[in-house]
Every structure is written in structure tokens, then in C-alpha cells.
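Participant: just the structure for this:
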Amino acid sequence: GIARAVTSAMTMTITDTVVGSAHYFSPEQARGGEIKACSDLYSLGIVLYEMLTGVVPFRGDSPISVALKHIQETPKRPGLINPEIPENVENIVMKAIAKDPADRFADADEMKKSIELALEGYFDNTGSDFDNGATKVIERVRLNDLSTDYEKAERQYLTANERAGILAWVKWFTGIFLFFLLSFIGLYVFYKNIMNVPIVEVPNITGLPYEEARLEALQVGLHLVPQNEGIYHPEVPENHIISQSPKAGERVRQTRKIMVTVSLGPPVLTVPDLRNMTVREAGVFLENQQLSIGDIEETYSAEVAQGYIISQNPLPEEEVEAGASIDIVVSLGPKPNMIAVPNVVGLYLEEAVAKIEEAGFRAGEIKRELTKRYMPDQVAEMEYQSGEMIPEGSEIDLIVSSGLINTEGAPIHKGVTMRFSVPAGNWNQNIEIVIIDNNGRDTIYRGTNHPGDYIQVSFNSVGQTWYEIYINGQLRYDGPLEE
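Facilitator: Numbers count the residues shown, from 1 in each chain. Next up, the predicted model:
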């Protein structure tokens with residue numbers, strides 16, 4: 001403890017800094033409160049406690065934790081550690097280290113008297129002739145015996161005083177002897193357990209699994225002590241060491257404990273309910289929760305409006321690690337009526353639009369550009385393949401010819417019709433008709449037909465034109481286009 005000397009010529013200011021040995025200073029000193037003589041008696045009580053038991057009443061990982069125990073915890077009675085400690089001695093120690101200063105000895109004299117009374121029990125002579133005052137029959141005292149009896153009593157009185165002086169001296173000597181004996185034993189135990197141990201180098205156990213780290217430390221005689229129940233860490237796997245103290249490479253005595261922080265793994269989060277949110281709303285919400293959107297699947301739903309989330313995986317309230325992704329299913333709205341796209345390629349625009357609308361669709365964007373096979377205002381391409389199933393009411397974009405490409409000014413063959421009858425052979429025959437002219441090579445027909453089928457194809461060409469007919473990938477007919 002710290003004895004604070006205060007004289008009339010000086011004052012003491014209490015600050016936020018506490019000076020003293022954490023294992024020995026009083027609760028009021030730990031709180032930064034006023035320190036009195038009873039604070040030193042508390043520290044003396046701690047010393048006596050350690051002398052009698054071999055341990056201090058409060059131990060901790062740091063001075064702050066020890067100081068908190070001085071304030072909050074009740075120490076174990078010395079007799080529970082060392083059963084040979086007399087009860088009256090134990091009571092003296094417990095009174096000296098009472099939390100409330102008012103429950104301690106008023107001053108050092110009072111504590112000294114209590115110690116003396118405790119020591120008297122070791123020297124009381126239970127077999128003495130001490131008169132306890134009980135009523136008994138005695139002989140009558142004769143007058144002529146008074147003088148002799150008085151002298152005898154005086155001698156007995158002096159002898160008793162002498163014995164009392166000797167007894168007091170023996171008590172003091174014995175007390176001092178015991179004090180130094182216990183101090184020596186305490187110092188010996190302290191030196192043997194604390195100072196006289198090998199010095200070793202702290203191994204690097206950061207990032208290792210706890211059991212592997214424990215064995216690594218044990219090889220040099222050190223022991224691990226988790227300094228808390230573990231903390232969540234986004235990068236360090238569960239049950240691995242996040243940090244250690246002392247650090248790797250430091251040299252410490254083998255009695256030193258390695259304080260470690262163990263990872264509980266990435267933080268565990270509860271999956272929120274994303275249903276009936278838009279994809280954008282869900283993305284922002286998940287980002288604030290340290291989560292993200294995973295795979296997005298789209299499907300039709302009669303109950304959930306288009307663009308809103310129908311379901312999710314993992315489900316709401318399930319637990320996932322931070323950084324996990326949530327797969328979602330998004331509504332496309334009610335399932336539409338699917339119908340086939342009509343073929344309008346080669347038709348003139350007005351006729352093509354009428355056919356599209358008749359089929360239950362709408363003409364979409366119309367682009368015009370020069371083409372290799374179509375006359376002005378003929379449909380050269382459309383957005384979907386003929387026969388493709390799309391929702392009723394959809395728009396179909398068209399590319400309309402603004403004229404044939406004819407860079408050389410060659411003759412133009414308009415509305416040429418080619419007729420072909422499928423010859424005998426396999427039931428299913430793949431027919432492909434190709435024309436070659438100044439604008440290059442183009443397939444004007446491709447389909448699967450049966451023997452006897454009659455094929456008629458109309459087309460436009462520029463300059464000298466050549467045709468080729470393939471059956472099942474083999475060239476069967478070819479020649480120049482006849483005027």
C-alpha cells in the first residue's frame with residue numbers, strides 16, 4: 001500500500017492516477033478516493049493474508065482487473081486455503097481487509113491489541129492455580145498470622161509480576177520471530193515460484209488453430225489463457241488465434257501466461273425478409289446488412305407485381321455469415337398468352353403490318369436500309385423468327401428494304417420464282433436452295449420435306465445469277481438462272 005503523509009505544511013490533490021501495487025492497495029485507493037490510516041491497515045491485512053496462505057486474495061490479468069476485484073469481490077477466507085490458521089487470526093485478517101473502512105480497525109493500536117490477544121492463546125497455561133472466583137470453604141484467618149501472610153502475599157505478588165514480565169517478553173519475541181519466519185517463507189516461495197524460473201522466447205501463434213497454438217506454447221513451457229469468450233472476425237476462421245500478448249519473439253519467464261483472443265469466425269447475421277421489395281430496394285437493404293444479392297431468377301406470377309421479389313434463398317430469419325449472398329426470384333407479372341410469330345419477310349410493309357396485327361401483335365420500330373434481295377418497301381428482316389412463341393400483344397421490330405444493292409448497275413431480276421419437286425428417297429429430306437449473284441451467296445430456302453413435296457420460292461437478284469440445290473447436305477442440282 002501507499003502511506004500518504006500529510007502535514008500542516010502541505011496538501012494532497014486526488015487525481016485520476018492511482019499510485020501503488022495493485023495486489024495490495026485498498027478499495028478506496030483503487031477508486032481514487034481519500035486515503036487514510038485504515039488504507040495502510042488494509043494493505044497490511046493483504047500482506048498477512050499472503051504470509052498465511054502463500055497467495056494474494058485477488059489476482060487478475062492486468063492491474064485494472066485486480067483493482068476492480070478489490071472494489072467488487074469478497075476474498076476467500078484464509079482458513080479455506082490453509083486449515084491450520086486459527087479462527088481468531090483469520091478474523092483479524094478479514095477485519096483488516098474489509099471493503100468498508102468503517103468495518104476495519106480504527107487504528108494500528110487496536111489491530112496490535114487484537115494480534116496480542118490472538119497470540120496469548122498460544123501461551124495460556126490451562127493447568128495453573130488461577131482462582132476463578134467460585135464459592136468455597138476456607139479457614140478463619142488469625143490475627144497473629146496477618147503479618148506473616150502479608151509478607152508471603154507480597155512475595156507472591158512480586159513473583160507474579162516477574163512472571164508476567166517474562167511472559168510479555170516471550171510473547172513479543174515469539175511474535176517478532178513468527179513475523180520474520182513467515183516473511184522469509186513468503187519471500188522464499190515468491191522467489192521459487194516467480195523469479196527462479198527459466199526465461200523462454202514467446203512463439204508466434206497468431207493465426208493458428210487454438211489446439212495447435214496451445215501445443216506450440218507448451219513446447220517452451222508456456223500456457224495459453226483466453227482473455228475473453230472470443231470475438232467475431234470477418235477473416236480469421238473460427239477457433240483460430242486473432243492476437244496474442246506477449247507478442248512473438250519476446251523473452252518471458254515460464255510462469256508468464258500468453259493471453260490470446262480467439263476468433264468466433266465471421267459475424268453471424270439473420271437473413272432479412274426481401275419479399276415484395278424491388279431488386280434495387282433489396283440491394284440497398286442487403287448492402288447495409290453486410291450481405292448482397294446472389295443469383296436472380298425471373299418467373300411469371302399472378303400474385304406478385306412485375307419487378308418485385310417473390311421468394312429468396314436462404315429464407316428469412318435463417319443465420320448466415322457476413323458477406324453471404326441471397327438468391328432471389330423476381331416476378332415478371334401475370335403469365336401472358338403465348339402465340340406464334342407470323343412470317344412477314346418478303347411482304348410489302350403495309351401487308352406485313354396487317355398480318356402482324358391480325359396475329360395479335362403490334363408493329364414496333366421500323367428501320368429502312370439497302371438490302372441484297374428485297375425491293376423497296378419489302379420486309380427484309382423481323383425481330384423474331386417465324387413460328388417463335390412470344391407474349392400476345394408484343395411489338396415486333398422490322399427492317400424494311402429501301403432498295404437493292406447494285407453497285408455495278410447490273411440488270412435486276414425482280415420476282416423470280418423457282419419451283420422444285422422433292423425427289424424420291426428418305427422420308428425426311430433436308431432441302432437447301434442457294435443463289436449466287438453480284439451481291440454474293442444467300443440461302444433463300446431451308447426446310448425438311450418429304451418425297452413429292454412441291455417447293456416454290458420467289459426472290460430478287462442482281463446481275464448474272466446461279467442457283468444450287470442441296471439435299472441432306474449434298475449438292476444435287478445447280479445451274480444458271482434462266483431469264
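Participant: C-alpha from now on. contacts and neighbour counts both.
Facilitator: Will do.
Participant: strands paired with the helix or strand harbouring residue 477, and their directions?
Facilitator: Element membership for residue 477 (DSSP states H and E) is strand 474-480. When pairing is defined by DSSP bridges, strand 474-480 lines up against strand 466-471 (antiparallel).
Participant: so for the strand it pairs with, mean pLDDT?
Facilitator: The average pLDDT for strand 466-471 rounds to 95.
Participant: next one: stretch 474-483
Facilitator: Rounded mean pLDDT across stretch 474-483 is 87.
Participant: list the contacts of the strand holding residue 477.
Facilitator: By Cα atoms under 8 Å, 6 or more residues apart in numbering, the surrounding residues in contact with strand 474-480 are 464-470.
Participant: and stretch 69-79, by the same measure?
Facilitator: Identification of contacts with stretch 69-79 by Cα under 8 Å, 6+ apart yields 26-28, 30-31, 49, 52-53, 57-58, 85-87, 90, 94, 99.
Participant: show me which of those residues are buried.
Facilitator: For the contacts of stretch 69-79, a neighbour count by 16 or more other Cα atoms under 10 Å gives the buried set as 26-28, 30, 49, 52-53, 57-58, 90, 94, 99.
Participant: which of these sits closest to residue 399?
Facilitator: Checking the buried ones among the contacts of stretch 69-79 against residue 399 by Cα to Cα gives residue 30 as the nearest, at 89.4 Å.
Participant: how about that closest one, nearest residue that isn't a chain neighbour?
Facilitator: residue 67 (5.6 Å; Cα to Cα, 6 or more residues apart in numbering).
Participant: just to be sure, the one you found is in a helix?
Facilitator: Yes: looking at residue 67 with DSSP: H, G, I helix; E, B strand; the rest coil, it is inside a helix.
Participant: distance of it from residue 99?
Facilitator: Using Cα to Cα, to the nearest Å, one gets 12 Å for the distance from residue 67 to residue 99.
Participant: circling back to that earlier point, so which of the contacts of stretch 69-79 is the closest to residue 110?
Facilitator: Checking the contacts of stretch 69-79 against residue 110 by Cα to Cα gives residue 94 as the nearest, at 14.5 Å.
Participant: name the next helix or strand downstream of the helix or strand harbouring that closest one, please.
Facilitator: Secondary structure assignment for residue 94, by DSSP H and E: helix 87-96. Moving toward the C-terminus from helix 87-96, the next helix or strand (DSSP H and E) is helix 108-120.
Participant: picking up where we left off before, any common contacting residues for residue 67 and residue 99?
Facilitator: Counting by Cα under 8 Å, 6+ apart, the common neighbours of residue 67 and residue 99 are residue 27.
Participant: not counting sequence-adjacent ones, nearest residue to residue 461?
Facilitator: residue 413 (5.1 Å).
Participant: I'd say that neighbour and residue 460 touch.
Facilitator: Yes: the pair residue 413 / residue 460 is scored as a contact, 5.4 Å apart, by Cα atoms under 8 Å.
Participant: let me know the pLDDT of the residue nearest to residue 461.
Facilitator: Note for residue 413: predicted pLDDT of 90.
Participant: and it, what does it touch?
Facilitator: Taking Cα under 8 Å, 6+ apart, we find residue 413 in contact with 460-463.
Participant: send me the helix or strand where it lies as PDB with only the CA atoms.
Facilitator: Following DSSP H and E, the helix or strand that holds residue 413 is strand 412-421. Output in PDB follows, covering the C-alpha atoms of strand 412-421 (Å, rounded to 0.1, in the frame of the first residue of the first chain):
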ATOM      1  CA  ILE A 412     -32.000  -6.600-111.700                       C
ATOM      2  CA  HIS A 413     -34.200  -9.700-111.700                       C
ATOM      3  CA  LYS A 414     -37.500  -8.900-109.900                       C
ATOM      4  CA  GLY A 415     -39.900 -11.500-108.500                       C
ATOM      5  CA  VAL A 416     -38.100 -14.600-109.900                       C
ATOM      6  CA  THR A 417     -39.900 -17.800-108.900                       C
ATOM      7  CA  MET A 418     -38.100 -21.100-108.500                       C
ATOM      8  CA  ARG A 419     -40.100 -24.300-108.400                       C
ATOM      9  CA  PHE A 420     -38.700 -27.700-107.200                       C
ATOM     10  CA  SER A 421     -40.200 -31.100-106.500                       C
END
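Participant: got the buried residues for it?
Facilitator: Judged by neighbour count using 16+ other Cα under 10 Å, the buried positions of strand 412-421 are 412-413.
Participant: just checking, next helix/strand downstream of it?
Facilitator: Per DSSP H and E, the helix or strand that comes after strand 412-421 is strand 429-437.
Participant: off-centre distance for that next one?
Facilitator: When C-alpha coordinates are averaged (Cα atoms, centre = their mean, to the nearest Å), strand 429-437 and its chain have centres 68 Å apart.
Participant: angle of it against strand 466-471?
Facilitator: 170 degrees (axes from the mean of the first three to the mean of the last three Cα atoms, to 10 degrees).
Participant: and strand 429-437, C-alpha only, in PDB?
Facilitator: This file holds the C-alpha atoms of strand 429-437, laid out as PDB (Å, rounded to 0.1, in the frame of the first residue of the first chain):
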ATOM      1  CA  GLN A 429     -35.000 -34.800 -96.600                       C
ATOM      2  CA  ASN A 430     -33.300 -31.600 -95.600                       C
ATOM      3  CA  ILE A 431     -33.600 -29.200 -98.600                       C
ATOM      4  CA  GLU A 432     -31.500 -26.000 -99.000                       C
ATOM      5  CA  ILE A 433     -31.700 -23.700-102.000                       C
ATOM      6  CA  VAL A 434     -28.900 -21.200-102.600                       C
ATOM      7  CA  ILE A 435     -28.500 -18.400-105.100                       C
ATOM      8  CA  ILE A 436     -25.300 -16.600-106.100                       C
ATOM      9  CA  ASP A 437     -25.200 -13.200-107.800                       C
END
